[in-house]
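Trainee: Predicted model and sequence below, questions to follow.
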Amino acid sequence: MNLRKRWAVASSVLRKASRWLPNIGLIMAFCVSATTSADEMKVGQFKLAKADTVLRGDAKCTACHDETEKYPVLAIGKTKHGTVADGRTPTCTSCHGASESHMRKLEGQKDRPKPDVSYGGQYKSVEADSMVDRYFGKFGKATSTPVENRNAACQSCHKGGNRMHWDGSTHANRGVGCTNCHQVHTAHDRVRTRADQTELCFSCHKEQRAQLNRPSHHPVLEGKMGCSDCHNVHGNNPKQLKQASINETCNQCHMEKRGPFLHNHQPVTEDCTICHSGHGTVVFNLLKSRPPFLCQECHSHTSHPSQAAALPNEPVTSTRMLGTAARGCLNCHTNIHGGNSTQNNATAGRFRR
Amino acid sequence: MNNMKQTFVLTTLATALMTVYGPAMAADNADSDLISKPSSSISVGVGALMGDDRRQLGIVGGLHDTGGYLLFDADINRRNDETGTWQTLSIVNGGMSSREIRAEYQQQGNQGVSVEYRQSEREVPYLINTGVGGLGTGTQSVTTRCTAPGVPAGCYAVGTGTDFQLGTERTKYGLGLFKYVMPNLKLKFNFTNEDKEGNRHGRVGGQPEFAAVPIDWNVSQLDATFDYVLDKLQLSGGYSGSWFRNNIDLLAATRGGTTYYISQPLDNEAHQLFLDGGYNFTPTTRGTFKLSYTHATQDEHIPTYDIAAIAPSPTAPSSLDGEINTTLVQLGVTSRPMPKLNLVANLRYHKVDDATPVWFVVDTATDAHSTPLDYETLTGKVEGTYNLAHGYNLTAGIDYTSQDRTVPMGTTSAGVDTERYVPFRSQLDETTYRIQLRRTMSETVNGAVAFLHSRRDGSTYHEATHSEPGEGITDASIDPINIANRERTKVRLSMDWLPSDALNLQFNFEDAQDNYSGHTYGLRDGTAWLFSVDASYSFSKDWQLTGWYSHDDTEAKQHNYRYASGSYAAAEMFDTLEDIGDSVGLGLKGLLNPKLKIGGDLQWTRIENNYQQDLVVNGAGTRYEDPAGTSYTGPVPNITSTTIRIKLFAEYALKKNADLRFDVVHERWKSNDWSWQFIDGSPFVFNDGTKVITYPKQNSTFISARYNYKF
């Protein structure tokens, strides 16, 4: 018989016994208290208080809550929150409130009152290590604790650094709570792992899920990038980017395109997403559209730039027939992000040298 | 009295359990540690990829070629509970070329050090067969394609060259340090150094001929920051520096006795000072700010300057003296003036000042100056959220963006820039109105409806040479996509519903409409919509079924003018470009018995790109270019790409902390993408004879067995 079954049987027997013979319990308690340390049992005060299990002062909670509960709690001991030697770490009540009514269910009450602050509504996801693709997300049951109150518990400590601008962020102002994404009572808070965090992000961001399943995409599904490589979900930059602008964010990894160049291509200096979609597209190099269509969103220049899209039947040299096949316009305008040639030739200014 | 009764029962229970099961619980201390103490795991195994190389589906990730793979992952976590000192080691994909290793030693709340190593590869999904010499170097020789056997003399016959795989590899090292010098003051130092090597697609110049641009880059990043946190005041600031170094800064490709020089990115660097802050004026009102100043330079010697064969104009520079200074000032306030009302306001000033000198680079018949570009953007945002009754929240906001842009001005004629090819605007303004109603307080039903409308317009267009029929801005001009007048409307609906504890449902619908206006040509309309449903059902505690379906449709309508050129006629071009995506996912996992967990997962994705081209010919000539001997056929065909991925796993528990896991992943990819093909479906061949071999189908299976151990 495993521990859980033993507990169930013992509970049942003792519950019945306590109705009929309450004094037996009292006698047993006194007997045991003689052999049990004072910090474990204070039966004389009719107060359950065994030793702390994980956090400081958690005894009154862990007397009921453990890993067999619907909401397992003890794994918090595996985390930074559970490092008791760090005096800054929380107790149960610093996050959940004193929760006196929760601890003392009154007679006649059908359900035990919830703790003062409860944190339902996790964007649950299928675990990537069990279910192989990282795409699925759903909500768990929500909680009646207002999101401001839930977040306040976290922000009482986590209010500096990257989280400084949380209050002004889009996430904060759309009712997203810290624990909608973060799991506290688990060793592995999946949203903090590059390879796993998309599980949570896709819970809401379906458009990005669709885009990342396009043939040309950043290696997010492959686990080599995470959403947080580009986005600071706690910040209030445009599009909640890590950096102040789109270009500064892209330049973190694509610094060769930062320039400045002798021959600048204007949209490159303004916004990478004029031509590229960061999450994914159907065209090589995450281009939003296929040349020559893409280039013709700005260029209606005489001669070959205005050619209609079509395919040749053999190797050709005419620029009037090379705007579509292979790399399209980029077959010739290879330095489209900018060129550094001083060659005294117009082609240098057209990103061909 | 009630409390006493309750407490008494609990006490009795606990006491009895302690009496009866105390010894058993003591014996389970090791299990208890597994539950509540930092734990570690190691996973070792082997895998094999069979069938086709994963050319499309394995572009990144290290699992590309068929053959055997060593699988090794580790997650080691050790903590000294007395001192709060952690020692961690993480190894991901340790046996593959996408390995990531990170080790950290830290005393929590005091100090720490970490080192990191990351590696990643990217291979293009096609193969090059070429006679080009010197691949991988900065000096390459290009062949002359045989137009008939042995003609011209010394020519290169298509398909007789060497196979060459384009791709890159990144190798990154990192070092991180932190130290709390005071309880509220944390200093952080991070340094990363990344090498990127390989080859990417390039060209020679003059004619579309193949060359492989060699990549030998180095990128390093240094961040030194402080975080100062008090109850009401938080500050964060420091220095951020980044350096790009290119070891091959010029590609010289010789063809037919002529050498073409293709410039490459030159070394550049940026240095940023920043300070962010937040202050709680009251418990319900908070102010924030951001300040940053970035000085970026590119002043390397320009390699082409010294090459006599392509002597620069007398006014061209030997180095760019490039300098871009970026300033960010942002002020924000969030407040809850009454319990049910939240307000957010932001004012943001962002200026990119390109202080690079203007150089007169090309002084031939077609002049060209260098074009430093400035952007000065002021953004304001006001948003309020009011908590209505029954858990409803109403959010409304306005964003306003105003941007001043320099208009690069080169050689002019009658006041018109004769160098620029695209009309330009010196001022852009955009106002966005947003409103959202959401319900977030229900335990089982949550949802939101959001509506967004924005309008963008700007100053008068500055005309550009060659881009306007007859020149000058007329109705028959083009509106460049990034500065065109635009009205955008978006609607988004989402709902999450838990009809029962076992069933979860999620519905999403998004629709966006863009309408461009102003002149005749350019992108005219854009639409996008998406519908998705996600569901999961728990048959029991041990069995769960999940599924999702997503459909999206994006369409862009362009109107362009084709000028008569060569043999083809002038024409009005009406293009409708549509991308349609459908994805289905289905998964099942469960416990067959207490020791055996199994699961399966199916994903099917189909992407369709439709190209509807209508040419209304205006004048004499052909619809498409039609030179003798060569056909140029349009419109282009539609493209359909399909991915099927089936994943199965079984995990057998050998003991409490060890299991064996078996995985099988079968993938199928199919596409009729014509990017690297001629119109008849044959491989595309560059003018030099370089052939591009594509792989329209991929059927591959990966099997693996792992031993997982937790401790």
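Mentor: Nice, thanks for sending it over.

Trainee: which non-adjacent residue is nearest residue B:660?
Mentor: Nearest residue to residue B:660, sequence neighbours excluded (CB to CB, 6 or more residues apart in numbering or on different chains): residue B:652, at 4.9 Å. (Each C-beta comes from the backbone N, C-alpha and C, glycine too.)

Trainee: For the helix or strand hosting the one you found, give me every contacting residue.
Mentor: If you go by DSSP states H and E, residue B:652 is part of strand B:639-655. Applying CB atoms under 8 Å, 6 or more residues apart in numbering or on different chains, the external contacts of strand B:639-655 come out as A:130, A:132-133, A:213, A:215, A:282, B:57, B:594-609, B:659-674, B:708.

Trainee: Then stretch B:609-626?
Mentor: A:282, A:290, A:307-310, A:318, A:320-321, B:562, B:564, B:566-580, B:632-640.

Trainee: Straight-line length of that stretch, end to end?
Mentor: This stretch, stretch B:609-626, spans 26 Å end to end (CA to CA, to the nearest Å).

Trainee: what's residue B:675 sitting at in phi/psi?
Mentor: Phi and psi for residue B:675, reported as degrees, to the nearest 10, are phi -50, psi -40.

Trainee: Just the pLDDT at residue 20, thanks.
Mentor: You didn't pick a chain, so chain A it is. Listed pLDDT for residue A:20 reads 43.

Trainee: Chain B was what I was after
Mentor: Reported pLDDT for residue B:20: 40.

Trainee: do the same with the one 10 residues further on
Mentor: The per-residue pLDDT reported for residue B:30 equals 59.

Trainee: before we move on, what about the one 5 residues further on?
Mentor: Reading off the per-residue confidence, residue B:35 sits at a pLDDT of 78.

Trainee: what are the ranges of the strands in chain A?
Mentor: A:41-42, A:47-48, A:123-125, A:137-139, A:311-312 (DSSP state E).

Trainee: go on, the stretch 51-200 of chain B?
Mentor: Under the criterion DSSP state E, counting those that start in this stretch, the stretch 51-200 of chain B carries strands at the ranges B:67-80, B:85-92, B:100-107, B:111-123, B:127-130, B:139-141, B:162-164, B:167-182, B:185-205.

Trainee: Pairing partners for the third one, with directions?
Mentor: Put plainly, it is strand B:100-107. Strand B:100-107 pairs in its sheet with strand B:85-92 (antiparallel), strand B:111-123 (antiparallel), by DSSP bridges.

Trainee: so can I have CSV of the ones you listed showing distance to residue B:500, mean neighbour count and mean pLDDT?
Mentor: Below are these laid out as CSV (distance: least, CB to CB, whole Å; neighbours: other CB atoms under 10 Å in any protein chain shown; pLDDT from 0 to 100):
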stretch, distance to residue B:500, mean neighbour count, mean pLDDT
strand B:85-92, 38, 17, 96
strand B:111-123, 44, 17, 96
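
Trainee: contacting residues for residue B:355?
Mentor: Contact analysis of residue B:355 by CB under 8 Å, 6+ apart lists B:323, B:324, B:325, B:372.

Trainee: Report the beta-bridge partners for the third one.
Mentor: Spelled out, that is residue B:325. Assigned bridge partners for residue B:325, using DSSP bridges, are residue B:295, residue B:353.

Trainee: just checking, it touches residue B:292?
Mentor: No - look at residue B:325 against residue B:292 with CB atoms under 8 Å: they stay out of range, at 11.1 Å.

Trainee: mind giving me the domain ranges of chain A?
Mentor: Here the domain parsing of chain A from automatic domain parsing is A:123-242, A:257-353.

Trainee: Please pick the buried ones from the contacts of strand B:639-655.
Mentor: A:130, A:132-133, A:213, A:215, A:282, B:57, B:597-605, B:607-609, B:659, B:661, B:663, B:665-669, B:671, B:673-674, B:708 (16 or more other CB atoms under 10 Å in any protein chain shown).

Trainee: quick one: the residue nearest the centre of chain A from chain B, how far?
Mentor: Computing the C-alpha centroid of chain A and ranking residues by CA atoms, centre = their mean puts residue A:191 first, at 3.7 Å. The gap separating residue A:191 from chain B is 16 Å, by CB to the nearest CB, to the nearest Å.

Trainee: show me the contacts for that residue.
Mentor: By CB under 8 Å, 6+ apart, the neighbours of residue A:191 are A:181, A:182, A:183, A:197, A:199, A:200, A:201.

Trainee: before we move on, the earlier item: export the strands paired with strand B:100-107 as a markdown table, with columns for distance to residue A:243.
Mentor: Listed next are those as a markdown table, based on distance: least, CB to CB, whole Å:
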| stretch | distance to residue A:243 |
| --- | --- |
| strand B:85-92 | 25 |
| strand B:111-123 | 20 |
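
Trainee: do you know which of the ones you listed lies nearest residue B:416?
Mentor: With CB to CB, the closest approach to residue B:416 among the strands paired with strand B:100-107 belongs to strand B:111-123: 44.1 Å.

Trainee: so how far is chain A from the residue nearest to residue B:327 when sequence neighbours are not counted?
Mentor: Nearest residue to residue B:327, sequence neighbours excluded (CB to CB, 6+ apart): residue B:351, at 4.7 Å. Residue B:351 is 11 Å from chain A, where distance means CB to the nearest CB.

Trainee: Cool, thanks, talk later.
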